[in-house]
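Novice: from the sequence below, what's the structure:
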Amino acid sequence: MDQQITVAELFAGVGGFRLGLEGYCNDARGWNMPSAGPYKTIWANQWEPGSDRRQFAARCYEKRFGEGSVVNEDIATVLDEYDAGQRAIPDVDMVVGGFPCQDYSVARPLSQANGIEGKKGVLWWSIYRFLQLQLAKSSKNARWCMFENVDRLLKSPAQQRGRDFAIILSCLASLGYSVEWRVVNSAEYGFPQRRKRVYILAERGVRWDLKERLLHGIMASAFPMEAPAEINYVDIPADPYDASQSFNVGGKISPFSDAGVMVGNRALTCKVLEAYDGPQQTLGDVLVPENEIPEEYFVPESQREKWEYLKGSKKEKRTNKTTGFEYSYSEGAMSFPDATDKPSRTILTGEGGRGASRFKHVVKCEDGRLRRLVPDELDQLQCFPKGWTDTGMTDGQRAFCMGNALVVGIPHRIGIEVAKELKGQTARQ
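Specialist: Numbers count the residues shown, from 1 in each chain. As a prediction, the model looks like this:
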């Protein structure tokens, strides 16, 4: 029997990492995806700031994975209670999570305090704190980490390009992790949505050859690429505070490219040209039969002109309502309706609602009518089973959940390669 890999899922949403790693099977509903390996999620946390009405993602998670499967409380409170001896958190082999890209700037050296500038940045520091508590219990804990974020993490903030990612790498290096990262556009690897996100995979207690790992590591195996034309080295500050204060100050572009590896405080990075020739899904592959579409999803003819305006190109004078300042505004045209023979555009949290929007998807029916996408289609564009979020929440909430989610097949592919590598290591022992 393969060695079990126990998992903690932070910022769990509706369970994208868990589904990708563990797979799912429900023959009665036609849900079936094999597991990526011997993964078992034994602890999860999900909290949406605000009132109880905002906890629809956590309720969906518990509905799908069972009562008590998720801790629906602010992660900072949970960790405070753990430190005070008021709560137990189990030992795990892997920590996964998708955390918002906001503000990671360190206000003081970590030797003095885990301080940051801006309250929104605490989410990364909660992950860092979670890893610290795991390693304080046992050096064997949290051997792997897998995280997902928007690809702009590699080049934020605008005034100090790459600083935020350098802070994260410095934090991981300080805990003894070696790291692979990869920006993955899911459509380039056969999935039905163009969604560009950075995935970070870290393993503790290993020291790879940088170039060998970049070209033949987990990420390269999961997402093949052409041999890079240029590879660049980047030095990562040993202290996250130093990264916050001095990394790439004055640099106009980030030193971090789409793929990379870090060992110690030395990183190697390159641009990516995908090398995928497998099957390709499209938006049309996830569309449900038109007789299943509620009437409210069809665009009334009276609104068609407004949709066309919002989707079309513009070059016009506008006035700031607060200051009265007049300025020129322009933007290019978007496909309208959306092509169904190609992967979809990235779905966003505002996909729900009847109102006309530049960013919502609209498809053309066989009878010529236009309609928005229904939640079952949004579920499938993220590679969740059809109806995964149909747990009592509103359609707008379902759209919000999918706009915040990840493409389940991406961590699935990474998980397969991690399990293969672990099995090979076990066989050699």
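Novice: now do the buried residues in the helix or strand harbouring Gln132.
Specialist: In this assignment (DSSP states H and E), Gln132 forms part of helix 122-137. Within helix 122-137, the residues that count as buried by 16 or more other Cβ atoms under 10 Å are 122-132, 134-135. The way it works is simple: take the backbone N, C-alpha and C, and place the C-beta from them, glycine included.
Novice: ok, stretch 389-400 next?
Specialist: Buried, per 16+ other Cβ under 10 Å, within stretch 389-400: Thr389, Thr391, Met393, Asp395, Gly396, Gln397, Arg398, Ala399, Phe400.
Novice: export those as a markdown table, with columns for pLDDT.
Specialist: Shown next, in a markdown table, are the buried residues of stretch 389-400 (pLDDT from 0 to 100):
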| residue | pLDDT |
| --- | --- |
| Thr389 | 97 |
| Thr391 | 96 |
| Met393 | 95 |
| Asp395 | 96 |
| Gly396 | 95 |
| Gln397 | 96 |
| Arg398 | 97 |
| Ala399 | 97 |
| Phe400 | 95 |
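Novice: any idea of the mean pLDDT in the helix holding Gln132?
Specialist: For helix 122-137, mean pLDDT is 92.
Novice: can you check stretch 328-341 too?
Specialist: 93.
Novice: report the buried residues of that stretch.
Specialist: Asp338.
Novice: what's next to that stretch, contact-wise?
Specialist: Residues outside stretch 328-341 that contact it (Cβ atoms under 8 Å, 6 or more residues apart in numbering): 282-284, 287, 307-308, 311-318, 344-345, 358, 361-364, 370.
Novice: try it again with 10 Å
Specialist: Residues from elsewhere that reach stretch 328-341 (Cβ atoms under 10 Å, 6 or more residues apart in numbering): 282-287, 299, 304, 307-308, 310-318, 342, 344-345, 358-365, 370-371, 373.
Novice: those residues in strands, which ones?
Specialist: Lys314, Lys315, Glu316, Lys317, Arg318, Val362, Val363, Lys364, Leu370, Arg371 (DSSP state E).
Novice: read off the pLDDT value for the first one.
Specialist: The predicted structure scores Lys314 at 89 on the pLDDT scale.
Novice: that one - nearest residue in space that isn't next to it in sequence?
Specialist: Distance criterion Cβ to Cβ, 6 or more residues apart in numbering; nearest residue to Lys314, sequence neighbours excluded, is Glu331 at 5.3 Å.
Novice: which of the buried residues of stretch 389-400 fall in helices?
Specialist: Using DSSP state H, the subset of the buried residues of stretch 389-400 located in helices is Asp395, Gly396, Gln397, Arg398, Ala399, Phe400.
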